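*Asks:* Here's a sequence, model it:
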Amino acid sequence: MIQLAYRSTSIVDDGSSTFFITLAEIFEKSLINNAKRKITGVLAFNSGRFVQILEGAASDVDPMLATITTDRRHSGIHIMSRQSVGARSFGAWSMAFVGGGTSAGTIMNLLAECDPSSDAYRTAIGGLAKCIG
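*Replies:* Numbers count the residues shown, from 1 in each chain. Model prediction:
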């Protein structure tokens, strides 16, 4: 099983009403598609940036990432980490959502700046899991 984390920048202005509709559409589609593929994870949004973590079989996660990279609602996709894991951090969630708060922003910044093999990175993943309960 792998855990893949990426960050990107929203194309849709996060102050517009269109943004909230777009975010709801992304989340709803993720819930459906991820459940079908047994992918778990979290989508975090703060200040115009996304961080998403996907967990599952590489044969499911990699095609999902290929689809995500062609989505025109965001740009600047940067893979932060792709690593084998023994257990899921977000096993109860086909797609959890964390957004807009100080905690989400702090965790997203930490994830974006950490070496994926570091304790700080694992702590940030754990913090994100705690944010969603």
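
*Asks:* List the buried residues in stretch 52-71.
*Replies:* Within stretch 52-71, the residues that count as buried by 16 or more other CB atoms under 10 Å are 52-56, 60-61, 64-65, 68. From N, CA and C alone the C-beta is placed, and that goes for glycine too.

*Asks:* Grab the longest strand from the chain for me.
*Replies:* Counting residues, the longest strand found in the chain (DSSP state E) is strand 74-84.

*Asks:* so where is this protein shaky, pLDDT-wise?
*Replies:* For the chain, the stretches flagged by pLDDT under 70 are 13-16, 95-116, 118-121, 123-124, 126-133.

*Asks:* And the helices in it, which stretches?
*Replies:* Using DSSP state H, the helices of the chain run over 17-37, 58-69, 102-113, 119-131.

*Asks:* now the first one against strand 74-84, angle please.
*Replies:* Using axes from the mean of the first three to the mean of the last three CA atoms, to 10 degrees, the inter-axis angle of helix 17-37 relative to strand 74-84 is 30 degrees.

*Asks:* could you give the angle of helix 17-37 to helix 58-69?
*Replies:* Using the same axes, to 10 degrees: helix 17-37 against helix 58-69 is 160 degrees.

*Asks:* which other helices and strands contact helix 17-37?
*Replies:* strand 40-46, strand 49-56, helix 58-69 (3 or more CB pairs under 8 Å, 6 or more residues apart in numbering; DSSP states H and E).
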